[in-house]
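> What shape does this take:
(one chain, ligands or ions: 3)
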Amino acid sequence: MIQHPAIFALASGAGRAAVAVLRLSGAGTAGIVTALAGRLPPPRRASLRKLRHPGTGEVLDEALLLWFPSPASYTGEDSAELHLHGGPAVLAGVAEALVAAGARPAEPGEFTRRAFLNGRMDLTAAEGIADLIAAETEAQLRQALRQAGGALATLYGGWARRLTALLARQEAFIEFEDEDLPADLDDTVARDAAALRAEIASHLADGGRGERLREGLLVAILGAPNAGKSSLLNALAGREAAIVSARAGTTRDVVEVRLALAGVPVTLADTAGLREATDEIEAEGVRRARRRAEEADLVLAVFAADRPPDAETLAWVRPGTLVLANKVDLAPAPAAIGGAVPLAVSARTGAGLAALQERLAAAASELAGTADAAVLTRPRHRAALEEAVGWLEELTAAPLPELRAETLRAALRALGRITGQVGVEAVLDAVFGEFCIGK
Ligand SMILES: Nc1nc2c(ncn2[C@@H]2O[C@H](COP(=O)(O)OP(=O)(O)OP(=O)(O)O)[C@@H](O)[C@H]2O)c(=O)[nH]1
Ligand SMILES: [K+]
Ligand SMILES: [Mg+2]
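Ligands and ions are numbered 1, 2, ... in the order given. All right, here's what the predicted structure looks like:
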């Protein structure tokens, strides 16, 4: 195990709390703990200790101490946890004492980065831990747990091992070409590489569901002024998030609410009514509405049942758009709008809102629902896998055994970047930079 200089950080949430957990890891942890607590507790056993400033001897807190000697710790290094009283003055005092004893505050993700460097986990599992901390819904949590548990490490690691074996066969062919090798060895390499390429390609062709679940879905509510968009947003959110009024052009800024639908986090965006606005501010609102609709994973096109459908909104109706006829308390819903059968709702009476919730939940799980398999979760992985597939395609076209070996090596490097086998400092910075401090 590599032991880097000692770092510390608050591992629990910031702010006043009954208990705050400070985590300490790295070379010299034993000495630093001893400097504050007098002596080390037995490994992995919680012990109550008075903590003192090593310079002044001043008592800082009475805390529970845990000592995790290397290698049996999260980072693989010597580590300790201090369970303090969670007030800002206590934390500031202990932090200062730790610095005086030779530790420094940790960077975001630095503990997990050390765990990775010590071989405690691969990069995909480390990313899974970041996702676990960020998870807002149950489906996100399940996906993160699978990844942190090594589902992707196993899948991508398995592919890397198969590539390595192929490379070995290809190189044997080059090395011993004149000798008694099976005549079709070169062909079998190409055949097995094509099979692997097909497997990776089918993993890539998942419609982006895992990535969407990780990021959350964006649903944009679109429609003419006064169609009842803000009323519907409020009804779905269960609170008065947006201003509703009888005046056309009420909503200007995009108003967002966060919901969980079928375990998928969803940002529901209410937008300005689509029309040729003369007012400068409203015109900007309409521009924002269009931009949001372009970015959205799902568009809710809202029409008022007592009006003929407007051309501006009709232009956004396409396969996959959820078409609503609102205000069915005033007039019956038309049989079809823009070729789609509209869902009849009334934000005023609540009619059809349960069906709307169901349709939204169904759409959310179709767009972002994942089975309990290893699923692609990040653009970083997608890019590297696409690169690997590209190299394996080149292999088929490569005329010389040496060139084939080269494409296999390149594909292997692409896979290695995902799991961290091919260590690129920039990749590590990007991966661990997204962590919070203390993890
Ligand atoms: N009768 C009836 N009135 C509704 C219904 N939904 C909304 N309204 C009314 O329609 C008017 C406009 O509603 P809003 O929710 O502000 O409409 P909007 O689409 O957000 O309008 P803009 O923000 O101006 O684009 C308000 O007076 C609402 O009370 C409905 O289902 N039935
Ligand atoms: K309005
Ligand atoms: Mg509105």
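> Could you use CA atoms for every contact and neighbour count after this?
Will do.
> and this structure, which of its residues are near ligand 1?
224-231, 244-246, 248-251, 272-273, 326-327, 329-330, 346-348 (C-alpha under 6 Å from any ligand atom).
> tell me the contacts of Arg288?
Asp253, Val254, Thr271, Ala272 (C-alpha atoms under 8 Å, 6 or more residues apart in numbering).
> picking up where we left off before, give me the subset of the residues of the chain next to ligand 1 lying in helices.
Under the assignment DSSP state H, the residues of the chain next to ligand 1 contribute Lys229, Ser230, Ser231 to helices.
> so which of the residues you listed is the most crowded?
Lys229 (30 neighbours; other C-alpha atoms under 10 Å).
> Could you measure from that residue over to Glu284?
18 Å (C-alpha to C-alpha, to the nearest Å).
> Can you give me the domain boundaries for the protein?
7-106, 123-206+376-433, 213-368 (automatic domain parsing).
> rank these by pLDDT, which is bottom?
Among these, domain 123-206+376-433 carries the lowest mean pLDDT, a mean of 89.
> Give me every residue in the protein lying close to ligand 2.
Counting by C-alpha under 5 Å from the ion, the chain comes close to ligand 2 at Asn226, Ser245, Ala246, Arg247, Ala248, Thr250.
> Could you list the buried residues of the helix ranked longest in the chain?
Counting residues, the longest helix found in the chain (DSSP H) is helix 151-175. Of the residues in helix 151-175, 151-154, 156-157, 159-160, 162-164, 166-167, 169-171, 173 count as buried by neighbour count, 16 or more other C-alpha atoms under 10 Å.
> sorry, back to before: which of the contacts of Arg288 count as buried?
Looks like the contacts of Arg288 have Asp253, Val254, Thr271, Ala272 buried, using 16+ other C-alpha under 10 Å.
> Helices of the stretch 1-150 of the chain, start to end?
Taking DSSP state H, counting those that start in this stretch to define them, one finds helices in the stretch 1-150 of the chain at 29-37, 88-100, 110-117, 123-134, 138-148.
> helices or strands up against the longest helix of the chain?
Where contact means 3 or more C-alpha pairs under 8 Å, 6 or more residues apart in numbering; DSSP states H and E, helix 151-175 is packed against helix 123-134, helix 185-204, helix 401-419.
> Skipping adjacent residues, who's closest to the residue in the stretch 51-200 of the chain positioned nearest to ligand 3 in space?
Going by C-alpha to the ion, ligand 3 is nearest to Glu136 of the stretch 51-200 of the chain, at 27.5 Å. Of all residues beyond its chain neighbours, the one nearest Glu136 is Pro265 (7.1 Å), with distances taken as C-alpha to C-alpha, 6 or more residues apart in numbering.
> Now do the SS call for the one you found.
strand (DSSP: H, G, I helix; E, B strand; the rest coil).
> Please name the residues that touch it.
Neighbours of Pro265 in contact, by C-alpha under 8 Å, 6+ apart: Glu136, Thr137, Leu213, Gly216, Leu217, Arg258, Leu259.
> Does anything pack onto the helix or strand harbouring the third one? Which helices or strands?
Spelled out, that is Leu213. Using DSSP states H and E, Leu213 maps to helix 209-215. Judged by 3+ C-alpha pairs under 8 Å, 6+ apart, the packing partners of helix 209-215 are helix 138-148, helix 353-368.
> Repeat the analysis, applying 7 Å as the threshold.
helix 353-368 (3 or more C-alpha pairs under 7 Å, 6 or more residues apart in numbering; DSSP states H and E).
> List the contacts of the helix it packs on.
Helix 353-368 is contacted by residues Arg209, Gly210, Arg212, Leu213, Leu261, Ala262, Val264, Val345 when judged by C-alpha atoms under 7 Å, 6 or more residues apart in numbering.
> which residues does the nearest residue to Ser79 once chain neighbours are set aside contact?
Sequence neighbours aside, Ser25 is the residue nearest to Ser79 in space, at 4.1 Å (criterion: C-alpha to C-alpha, 6+ apart). Residues counted as contacts of Ser25 (C-alpha under 7 Å, 6+ apart) are Ala6, Ile7, Phe8, Glu77, Asp78, Ser79, Ala80.
> do Gln170 as well
Contacts of Gln170 (C-alpha under 7 Å, 6+ apart): Asp186, Val189, Pro401, Ala405.
> Pick the one among these closest to Glu96.
Nearest to Glu96 out of the contacts of Gln170 is Ala405 (C-alpha to C-alpha; 55.8 Å).
> Pretty sure the closest one sits against Leu167.
Yes - using C-alpha atoms under 7 Å, Ala405 is in contact with Leu167, at 6.0 Å.
> can you list the residues of the stretch 201-350 of the chain near ligand 3?
Checking the stretch 201-350 of the chain against ligand 3 by C-alpha under 5 Å from the ion, the hits are Ser230, Thr251.
> show me where the stretch 201-350 of the chain has strands.
Using DSSP state E, counting those that start in this stretch, the strands of the stretch 201-350 of the chain run over 217-223, 255-261, 264-270, 298-304, 322-326, 343-344.
> would a markdown table of those strands with distance to Met1 be doable?
Formatted as a markdown table, the strands of the stretch 201-350 of the chain follow (distance: least, C-alpha to C-alpha, whole Å):
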| stretch | distance to Met1 |
| --- | --- |
| strand 217-223 | 41 |
| strand 255-261 | 42 |
| strand 264-270 | 39 |
| strand 298-304 | 48 |
| strand 322-326 | 55 |
| strand 343-344 | 61 |
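> spatially speaking, which residue is in the middle of this protein?
Arg214 (3.8 Å; C-alpha atoms, centre = their mean).
> Mind telling me which residue of the stretch 301-439 of the chain is nearest ligand 2?
Ala304 (11.9 Å).
> Quick check: that residue touching Ala325?
Yes - the criterion here is C-alpha under 7 Å, and Ala304 meets it with Ala325 at 5.6 Å.
> Tyr74 and Leu117 touch, don't they?
No - between Tyr74 and Leu117 no contact is recorded; they are 11.6 Å apart, counting by C-alpha under 7 Å.
> Between Ala304 and Ala325, tell me which one has more neighbours.
Ala325 (29 against 26).
> Just give me how far stretch 241-252 sits from the chain centre.
Between the centre of stretch 241-252 and the centre of its chain there are 34 Å (C-alpha atoms, centre = their mean, to the nearest Å).
> Give me the buried positions along it.
Ala241, Ala242, Val244, Gly249, Thr250, Thr251, Arg252.
> Please name the nearest non-neighbouring residue to the first one.
Counting by C-alpha to C-alpha, 6+ apart, Ala241 lies nearest to Asn234, which is 5.7 Å off, once chain neighbours are set aside.
> Now do the contacts for the one you found.
Residues in contact with Asn234 (C-alpha under 7 Å, 6+ apart) are Glu240, Ala241, Ala242.
> now these as TSV including distance to Leu367?
TSV is the format used below for the contacts of Asn234 (distance: C-alpha to C-alpha, whole Å):
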residue	distance to Leu367
Glu240	28
Ala241	25
Ala242	26
